[in-house]
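K.L.:
how would this look folded up:
(2 chains)
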Amino acid sequence: MPDQVGLELIATELGVVVPGSVRETSFFRGQASVWVEPAHVRAVLGALRERHGYRMLMSVHGVDYYPEEPRLGVHYELLDMARVDRIAVKLRVPLDQPQVESVTPDWPTANHQEREIYDMFGVVFDGHPDLRRILMPEDYEGHPQRRDFPLGGEPVLFTHNDPSSPGWTR
Amino acid sequence: MAVAREPLGSPDSFRARQLLARDLLRGDLAGLELERAVEQSVLTTTLEKAVDWARSNSLFPATFGLACCAIEMMSIVAARVDVARFGFEAFRASPRQADLLILSGRVSIKMAPVVRRIYDQMLEPKWAIAMGACSSSMGVFNNYAIVPADKFMPVDVHVPGCPPRPEALMHGILKLRKMIQDDPDLGWRERYGAVGTEEVRSGVDPSPEPAGA
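P.N.:
Residues are numbered from 1 along each chain as shown, chains lettered A, B, ... in the order given. Take a look at the predicted model:
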């Protein structure tokens, strides 16, 4: 991990190489994160790969920050395999405009992960070659990992919700 | 070693019946003796009962595992709980050859059409067991992604448990065997509103193929 000073140096340089890309930085429990603008994420990841050696995209995550605004988030975890050094790139998009630039052309591993985030959270990745649902059926409505999505399922009669139960387990 | 030869005892002893059967096959018996021998050795039943007995004692389950319950389902054919004792060990790899579908695990809403197609491909008479909590009532996966088996196909026996022990599944299969012996239809077409979907109906000629089809 870069330390806090190293993170600030990287963020400052990113702001110069990709103007207007860095929103803020955060350093929490040893994890360095750069918060970026959604439209510049591909350029930021490219700069981190070319200039700082973070050559491997470990994972892409979706987050729902409900009830905070903007709600949806995407996290990119980068790894420098030579130095065994990690950095996180994060961004936030609002629900009514969930467009994020796709990084799949540069990082093929992001293909299925971006599809999963689209499936589960409804984040739309511009420039993705094949943005379809990956886990849920094609005709499914809604994005089930959003926090305001109903849990679904069937009501099951247990002792705690059985009206005829004598209440021994309450 | 000396061979113990017992004197011929009562006419019900095993040796006596053996000798009687030999004489019967040779054609040495006649008259009242013959009638008595036939009465003793012939069992009468109806054809339907015989067929039900044969069907219920040789169910062929489909080789079809869905989740962790499938591990328990596999172990019922292994040495400890040897279901081959009852004649259910022939897991067929094709639904066309199987007449029992064991839903061993959770069925997601994306898998449900596949399961339904496998069930539809099985030839009648066919039966289904929902094994475990997930395929019966969705169990711990009671959420947006899972669907209970009763929603998309007829189920004859539900085996509870998470997962059920192999003995429990075997108990369910034996219950199903008893149900088949009593009534092989089990009335699922009435229960699920599927009257008229029979592939073969007795006494009704199949409609002729339309010309040019």
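
K.L.:
Can you tell me, leaving aside adjacent residues, what's nearest to residue A:15?
P.N.:
residue A:22 (4.7 Å; Cβ to Cβ, 6 or more residues apart in numbering or on different chains). Heads up, the C-betas are built off the backbone N, CA and C, glycines and all.

K.L.:
now the one you found, which residues is it bridged with?
P.N.:
On the basis of DSSP bridges, residue A:22 takes part in beta bridges with residue A:36.

K.L.:
Can you name the residues of chain A that neighbour chain B?
P.N.:
Counting by Cβ under 8 Å from any Cβ of the partner chain, the positions of chain A adjacent to chain B are A:135, A:136, A:137, A:140, A:144, A:149, A:150, A:151, A:152, A:153, A:154, A:156.

K.L.:
Just give the number of residues close to the closest residue to the fifth one other than its chain neighbours.
P.N.:
With sequence-adjacent residues excluded and distances taken as Cβ to Cβ, 6+ apart, residue A:144 is closest to residue B:144, at 4.6 Å. The number of residues packed around residue B:144, counting by other Cβ atoms under 10 Å in any protein chain shown, is 18.

K.L.:
can you check residue B:172 too?
P.N.:
21.

K.L.:
Where does the residue nearest the centre of chain A fall, secondary structure wise?
P.N.:
Centroid check for chain A by Cα atoms, centre = their mean gives residue A:74 as the closest residue, at 2.1 Å. Assessed by DSSP states H and E, residue A:74 sits inside strand A:72-80.

K.L.:
Next secondary structure after the biggest helix by length in chain B?
P.N.:
In chain B, taking DSSP state H as the definition, the longest helix is helix B:166-182. Sequence order places helix B:188-191 as the next helix or strand after helix B:166-182, per DSSP H and E.

K.L.:
Using TSV, lay out the residues of chain A next to chain B together with pLDDT and neighbour count.
P.N.:
TSV is the format used below for the residues of chain A next to chain B (pLDDT from 0 to 100; neighbours: other Cβ atoms under 10 Å in any protein chain shown):
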residue	pLDDT	neighbour count
A:135	91	15
A:136	90	19
A:137	89	14
A:140	88	15
A:144	91	19
A:149	88	16
A:150	85	9
A:151	82	8
A:152	76	15
A:153	73	17
A:154	72	13
A:156	70	13
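
K.L.:
buried ones in the strand holding residue A:74?
P.N.:
Residues A:72, A:73, A:74, A:76, A:77, A:78, A:79, A:80 are the ones in strand A:72-80 that count as buried (16 or more other Cβ atoms under 10 Å in any protein chain shown).

K.L.:
Tell me the one among the residues you listed nearest to residue B:18.
P.N.:
residue A:77 (81.6 Å; Cβ to Cβ).

K.L.:
related to what we said a few turns ago, okay, now the residue nearest to residue A:15: neighbour count?
P.N.:
Residues contacting residue A:22 under the criterion other Cβ under 10 Å number 21.

K.L.:
what's near enough to touch it?
P.N.:
The neighbours of residue A:22, taking Cβ atoms under 8 Å, 6 or more residues apart in numbering or on different chains as the test, are A:11, A:14, A:15, A:34, A:35, A:36, A:37, A:44.
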